[in-house]
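Q: I need the structure of the sequence given here:
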Amino acid sequence: IWLTAQGSNCLRWTHLRGFYWPPPVRSMALTLSTVALIIYWMPLAMASEPSTKFLQRTPPLQVDSAQGFIEQLTLVPTDVEGCRHNESRRHVVSPKVYGQIRQPKSLEAMIPLDKVVTWLVDGQTLSGWLNDRCCGLDSDPDQAGKQCLCGIAADVEVPVDDSASYQIVAFDASPALQPISPTWMNFHEAGVLPQTYEWVFGELEKQGKLAITIDELKSCQPNLATWAKLNWFNAYRSPGVEAYKGIMEDPVYGLAGQMGHLNCSSTVEEWSGGCGCRGASGCEPESDIELFCGSGPLCDPRPFLCPSTDSGAALPVGFVRAYLHKFLDAYPAFKGTGFTDSEMKTKEFFVVSSIYLSSGSLAMTSPQSGVKSACPA
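A: Residues are numbered from 1 along each chain as shown. Down below sits the predicted model:
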């Protein structure tokens, strides 16, 4: 087949296999030959370009429930061969699923017996536990489980005790159960402290030792300026222990003032000291709760948590920080940023005890001991 150019835009056939073709027939031949060439080259062109239909990656595995998450968490730590190298084994956990690592002191509830809240991470963090933190750790299930728990504890900045057992617990959120992101300003916007009063002061009311009813006390909310000042200490020092120390050193809010009034310790570390519980078994009425009662014959927490601004009282910054430490498990390491870590990679959440999480609504791994032995020295 020969091609010659006539004019700038026209290609005409002059010979085909040694025959001369008249112009009308040559035109038809051009059309038929062009179609034939297209048909002939089409498979080759298709073969030369990647087909998205056949090369498309398998979508990640959707995990839509707490039970499904726990099931996957028991599988991925021992998947040494395929877990880290197969995109089809990646997981996406529903944002409606929340979880935590805990010591299984009570299998009947997720909330510690001496605290009013329980702390959680969301589906995004749980996905990271499946895909990275606990993925393909060891072919030995026991060793893999320990390494998984140790890594998770490090992610959420929970210290691992030599003698304790640990497990992962998860649950599904619902319209009635929506965890809160614990930023300083969210404590105010969500009205968190009034939701805790029944748990903290309820027994005193039953004993006739509370100056007002719990329902009346629920109108006692630390004002916005108090939370803004707590947030200010984050910027003044840095979130966590340093901000906590900054409050302790303040002449009004700290050991020379409000925190001193509550008998807080001058020694403070990430997980101990400061205004922590003073009772032998945690925060108890005589050792901790009554510190927020005042000197009157009946307990009145209002001067500590929502003092009248008309009286010229100082913001209750030290009192509120101590209350959070004692009853909401907000250790000095707590940052008030909505994240457990300084790099702000691991989000944290909490729920209050007004919504009780019973074991029937939870999915959980079996408790595992010896976790500390798998942690880096």
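
Q: verify the stated contact: Q124 with P95.
A: Yes: with contact defined as CB atoms under 8 Å, Q124 reaches P95; the gap is 7.1 Å. C-beta here means a position set from N, CA and C on the backbone, and glycine is covered the same way.

Q: burial measure for A313, as a count.
A: By other CB atoms under 10 Å, 11 other residues sit near A313.

Q: ok, which stretches of the stretch 51-200 of the chain are strands?
A: 61-63, 91-93, 97-102, 117-120, 167-172 (DSSP state E, counting those that start in this stretch).

Q: do you know how far the residue nearest to E198 when sequence neighbours are not counted is from T196?
A: Excluding the flanking residues, the one nearest E198 by CB to CB, 6 or more residues apart in numbering is I214, at 5.1 Å. For I214, the distance to T196 equals 11 Å [CB to CB, to the nearest Å].

Q: and these two? Which one has more around it.
A: Neighbour comparison, I214 and T196: the larger count goes to T196, with 20 against 17 (by other CB under 10 Å).

Q: tell me, what's the model's pLDDT at the more buried one?
A: For T196, the pLDDT comes out at 94.

Q: let me see the contact set for it.
A: Counting by CB atoms under 8 Å, 6 or more residues apart in numbering, T196 touches V116, V117, F327, L328, V352, S353.

Q: can you list the residues you listed in JSON lines and add pLDDT?
A: What follows is the contacts of T196, written out as JSON lines (pLDDT from 0 to 100):
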{"residue": "V116", "pLDDT": "81"}
{"residue": "V117", "pLDDT": "84"}
{"residue": "F327", "pLDDT": "93"}
{"residue": "L328", "pLDDT": "93"}
{"residue": "V352", "pLDDT": "84"}
{"residue": "S353", "pLDDT": "64"}
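
Q: could you dump those into CSV and include distance to M185 and neighbour count?
A: Below are the contacts of T196 laid out as CSV (distance: CB to CB, whole Å; neighbours: other CB atoms under 10 Å):
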residue, distance to M185, neighbour count
V116, 20, 25
V117, 17, 25
F327, 20, 24
L328, 16, 22
V352, 17, 21
S353, 22, 19
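
Q: and which of these is nearest to Q103?
A: Nearest to Q103 among the contacts of T196, counting by CB to CB, is V117 at 16.0 Å.

Q: measure the closest one to D138 for me?
A: Distance from V117 to D138, by CB to CB: 34 Å.

Q: now do G202
A: Taking CB to CB, one finds G202 at 47 Å from D138.

Q: and the pLDDT for V371?
A: pLDDT at V371 comes out at 95.

Q: doesn't C148 make contact with it?
A: No: V371 is beyond contact range of C148, at 9.1 Å (criterion: CB under 8 Å).

Q: and the contacts of T196 as CSV, adding distance to Y236?
A: Below are those laid out as CSV (distance: CB to CB, whole Å):
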residue, distance to Y236
V116, 28
V117, 26
F327, 25
L328, 22
V352, 29
S353, 32
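
Q: beta-bridge partners for the residue nearest in space to the middle of the chain, please?
A: In the chain, the residue lying closest to the centroid (CA atoms, centre = their mean) is V121, at 2.7 Å. V121 has the following beta-bridge partners by DSSP bridges: G99.

Q: tell me the contacts of it?
A: Per CB under 8 Å, 6+ apart, neighbours of V121: Y98, G99, Q100, V156, T340, T346, K347, E348, F349.

Q: redo that, cut-off 7 Å
A: For V121, the contact set (CB atoms under 7 Å, 6 or more residues apart in numbering) comprises Y98, G99, Q100, V156, T346, K347, E348, F349.
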